[in-house]
Structures are given as structure tokens and as C-alpha cells.
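1. Model the following, please.
(one chain, ligands or ions: 1)
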Amino acid sequence: MAPPLLEVTGLSCRRGGRLVFDRLSFALGEGELLALTGRNGSGKTSLLRALAGLTPPHAGTIAWQGADISLDPETWRGRLAWLGHLEGLKGDLTVMENLVFAERLRGGEAGDRLEWALVALDLIGLSAREVRTLSAGQRRRTALARIVLSQAPLWLLDEPLNALDVPAQAAFRTALQRHLAAGGLAIAATHAELGIEGRSLELGPALSSTSPPLGGEAG
Ligand SMILES: Nc1ncnc2c1ncn2[C@@H]1O[C@H](COP(=O)(O)OP(=O)(O)OP(=O)(O)O)[C@@H](O)[C@H]1O
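-> From the prediction side, this is the model:
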């Protein structure tokens, strides 16, 4: 069996001074999907943020091919594609321009892959529309097209099915399956069935808002 690419060891995270999860360990290899499940507030987004390097963990390590990601954040950012609750799209740019812009930021050229990403998320008919004029589901599809375009080996997805209708969910599943079949990895926080075979990790019950803060970190 191939060694895991991503190794998370003893990861603990605090938000607002409270412990959200503690000593979490898992590993993920080529072509593997991990679904993060659990109640509201159980720490799914916090774990994704820690993996993306956006929220430093309180303890533990995240390693890619044996190297601690915190030692080279720029290289790490280039290896992942991030879909958060907020899409981070530019409202005054068209769908197409947003995708081209995102690829430039990643230091690449979209080239032929641009059309593939637009087709994959059924966005050809919307490609010239300014993003601020789109519906929530259309914006979500644009954000997912940006992920598809990225060629990043690791996709970190926070509620990827949010706002998607049934055909758009199917299109997303197809794109994710292609990514996994090509050896990519994905970790997705979800309250819904992703409908793709993979592992899952249920985060524990949310700490009560009345739990005493541990002190230290502000947010
Ligand atoms: N910026 C912040 N400052 C302080 N506490 C925060 C912050 N963001 C999240 N939290 C707290 O951290 C805990 C975990 O939140 P998180 O968003 O990771 O949960 P989640 O499992 O993704 O929830 P949901 O299913 O509602 O999206 C919650 O108790 C939340 O109140």
C-alpha cells in the first residue's frame, strides 16, 4: 500500500479560548476522500482551517509527504484548493474572469482546462455573467469550478453541496470522482451524504457554550 500523503498527528484546536477538538490523528493517501461529520459547532470548519494553514493548531502536526506544512506555508497553499462558506469570488468580474484570475493567483494559466471546468459545473451559459448577478447556487458552482480548475492535489471543501440543486450535485460528484481517480485527495465537511465512497470522521459533540474557556487564544 502506498504511504499516506497527508498525516495529521495529535492535532488540537482552540477557538475563542475553548478546546474544539483534541489530539486528532488520521492519515490520507492518494485517491482518498474523508468526510467530516458532526453536530453544528463540533469543529469541522476549524479542522479544515487548520489543514489549510489558516488557523494554527494549538498542538500537533500536519505533514505532507513527511514534511511539516508549517515550515513552508507558500508551497502548502499551492498544494491545496480551498472552498469555504464564503466563496471569495469577485462580484464585478464575470464567471470566466474569476476563473482566469484564480489561476493567475496560483501562478498558472487556465488554458484548455478552463472550458473543461466550465462544462463540468454547467457554467458555459453563465460564463460572461458578472458574479454579483448570480444566484447562490450559481455562485457555488463557480467556486467549485475554481477548485476543479486548480489541479491542486488536496481539496478542502466546507459544505460543498450547499445551495446546489440535484443536477449540480451530480456534476460536483463527477468532478470529485475524477479528482480522486487521478490520485487526488479530498476532505469535505458535510451535513449531507456526499454520495461517494470514502472514509468518514465524526467530530465530537460541540462543547457547550457554557464550558469554561481554557484561556490564551482570542479567536
Ligand atoms: N472566530 C471564532 N472565534 C471564537 N470561536 C469560534 C470562532 N469560529 C468558531 N468558533 C467556535 O468553534 C467551535 C467550532 O466551530 P466550527 O465552525 O469549526 O464548527 P462546525 O462543526 O464547522 O459547525 P457547523 O456545522 O455549524 O458549520 C464552535 O463552538 C464555534 O462557536
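
2. who touches residue 51 in this structure?
-> 8, 62, 80, 156, 187 (Cβ atoms under 8 Å, 6 or more residues apart in numbering). C-beta: built from backbone N, CA, C; applies to glycine.

3. Between the residues you listed, identify the one with the most neighbours.
-> residue 187 (27 neighbours; other Cβ atoms under 10 Å).

4. Correct me if wrong: that residue contacts residue 36.
-> Yes. Judged on Cβ atoms under 8 Å, residue 187 makes contact with residue 36 at a distance of 6.5 Å.

5. Among the contacts of residue 51, which ones are in strands?
-> 8, 62, 80, 156, 187 (DSSP state E).

6. Of the residues you listed, which are in range of the ligand?
-> Among those, no residue is within reach of the ligand (Cβ under 6 Å from any ligand atom).

7. Do I have it right that residue 92 meets residue 132?
-> Yes. Assessed by Cβ under 8 Å, residue 92 is found in contact with residue 132 at 6.6 Å.

8. and which of the ones in strands among the contacts of residue 51 is nearest to residue 126?
-> Within the ones in strands among the contacts of residue 51, the smallest distance to residue 126 is 24.8 Å, found for residue 156 (Cβ to Cβ).

9. All the helices of the chain, residue numbers only.
-> 44-52, 73-79, 95-105, 113-120, 136-150, 166-181 (DSSP state H).

10. Redo these as TSV? Include distance to the ligand and mean pLDDT.
-> Below are the helices of the chain laid out as TSV (distance: least, Cβ to the nearest ligand atom, whole Å; pLDDT from 0 to 100):
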stretch	distance to the ligand	mean pLDDT
helix 44-52	3	96
helix 73-79	20	94
helix 95-105	24	93
helix 113-120	26	93
helix 136-150	15	96
helix 166-181	18	96
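
11. Go through the ones you listed and name the closest to residue 24.
-> Of those, nearest to residue 24 by Cβ to Cβ is helix 44-52, at 7.1 Å.

12. CA atoms only for that closest one, dumped as CSV, please.
-> Only the C-alpha atoms of helix 44-52 are listed here, as CSV (Å, rounded to 0.1, in the frame of the first residue of the first chain):
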residue,chain,number,x,y,z
LYS,A,44,-15.4,20.6,11.1
THR,A,45,-14.6,24.1,9.8
SER,A,46,-12.0,24.6,12.4
LEU,A,47,-10.3,21.4,11.3
LEU,A,48,-10.4,22.4,7.6
ARG,A,49,-9.0,25.8,8.6
ALA,A,50,-6.1,24.2,10.5
LEU,A,51,-5.4,21.9,7.5
ALA,A,52,-5.4,24.9,5.2
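
13. Please renumber the chain so that the first residue is 55 from this point on.
-> Yep, numbering from 55; the last one is helix 98-106 now.

14. chain center to that helix: distance?
-> Remark: helix 98-106 is offset 9 Å from the chain centroid, using Cα atoms, centre = their mean, to the nearest Å.
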